[in-house]
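Chemist: here you go, sequence then predicted model.
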Amino acid sequence: MTMRVMVVEDDEDLRVAISAELRAAGLEVRTAADLAGAVRVAGPLACAVYDRMLPDGDAITHVHRRRQAGWAVPVLFLTARDTLADRVDGFAHGGDDYLVKPFAPEELTARVLALCRRAGAGRPSVLRHADLEVDCARREVRRGGVLLTLSSREFAVLEYLAAHPDQAVPRADLLEHCWDAEADPMSNVVDVVIGRLRRKLRAPELIHTVRGHGYRLAAS
């Protein structure tokens, strides 16, 4: 499975160079030039790389707010600020790593890959969101403490959504991770399974449609 990374950098030349380096390492890269663009980047992420000072604000404040909302994607900050206080501030507000400019591309790639691996290894065996519990080890799902009966496909889709809460997950990602390679990307199999899940999960609704894109697991 290809790991997806987001690069948020307003310097176009640097953004292109970083993206090329990460793609050469086998990563899928999504990019944004500012914080507003970063919010619009869809799909689950293994890691996010933020330039600290962006045209529409300080990335540290932005990441801190997203952390408070439950966002758990590992974050690497890029910055020209190299004092101890700056580095401590970055870690204190939700950063997982901090790299000072100028930097060697090989070091950036190594740090991003390490964060991606850490994220994959650190996923809990029970995923909780609102009153939903998805036990990945036992392959059991409970809503409000009540055990639900799901098919293997329904469980796979719900597990994937629960592993990426509050993120817009494209239909293509669900198709790639929850079906085999023979699945027709133009079919409506994802929508059918989502419909069955919604009926079994009942109200209040947890799986929301992101129009023209896919689905998001969220309490509201």
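Modeler: Thanks, I have it. A quick note: this is a predicted structure, and the numbers were derived from the prediction, not measured.

Chemist: got the phi and psi for the residue lying farthest from the centre of the chain?
Modeler: Largest separation from the mean C-alpha position in the chain: residue 83, at 29.6 Å (C-alpha atoms, centre = their mean). Per-residue torsions, residue 83: phi -80, psi 160 (degrees, to the nearest 10).

Chemist: mind checking pLDDT for it?
Modeler: Listed pLDDT for residue 83 reads 80.

Chemist: offset the numbering so it begins at 368, please.
Modeler: Okay, residue one is now 368; in that scheme the one you just asked about reads as residue 450.

Chemist: could I get the full set of helices for this structure?
Modeler: Assigned by DSSP state H, the helices in the chain fall at 379-391, 402-407, 426-435, 451-459, 472-488, 519-529, 538-545, 556-568.

Chemist: can you pull out the low-pLDDT segments for this structure?
Modeler: For the chain, residues meeting the criterion pLDDT under 70 lie at 368-369, 409-410, 486-491, 547-553.

Chemist: residues of stretch 566-579 that come out buried?
Modeler: For stretch 566-579, burial by neighbour count (16 or more other C-beta atoms under 10 Å) applies to 568, 573-574. The way it works is simple: take the backbone N, C-alpha and C, and place the C-beta from them, glycine included.

Chemist: before we move on, what about stretch 529-545?
Modeler: Here stretch 529-545 shows 529-532, 534-538, 540-542, 545 as buried, counting by 16+ other C-beta under 10 Å.

Chemist: ok, for residue 390, nearest residue in space, not its chain neighbours?
Modeler: residue 396 (5.5 Å; C-beta to C-beta, 6 or more residues apart in numbering).

Chemist: across the sheet, point out what pairs with residue 581.
Modeler: residue 537, residue 577 (DSSP bridges).

Chemist: list the contacts for it?
Modeler: By C-beta atoms under 8 Å, 6 or more residues apart in numbering, the contact set of residue 581 is 409-410, 535-541, 557.

Chemist: redo that, cut-off 6 Å
Modeler: 535-538 (C-beta atoms under 6 Å, 6 or more residues apart in numbering).

Chemist: what's the distance between the nearest residue in space to residue 453 that is not next to it in sequence and residue 465?
Modeler: Sequence neighbours aside, residue 446 is the residue nearest to residue 453 in space, at 6.8 Å (criterion: C-beta to C-beta, 6+ apart). To residue 465, residue 446 is 7 Å away according to C-beta to C-beta, to the nearest Å.
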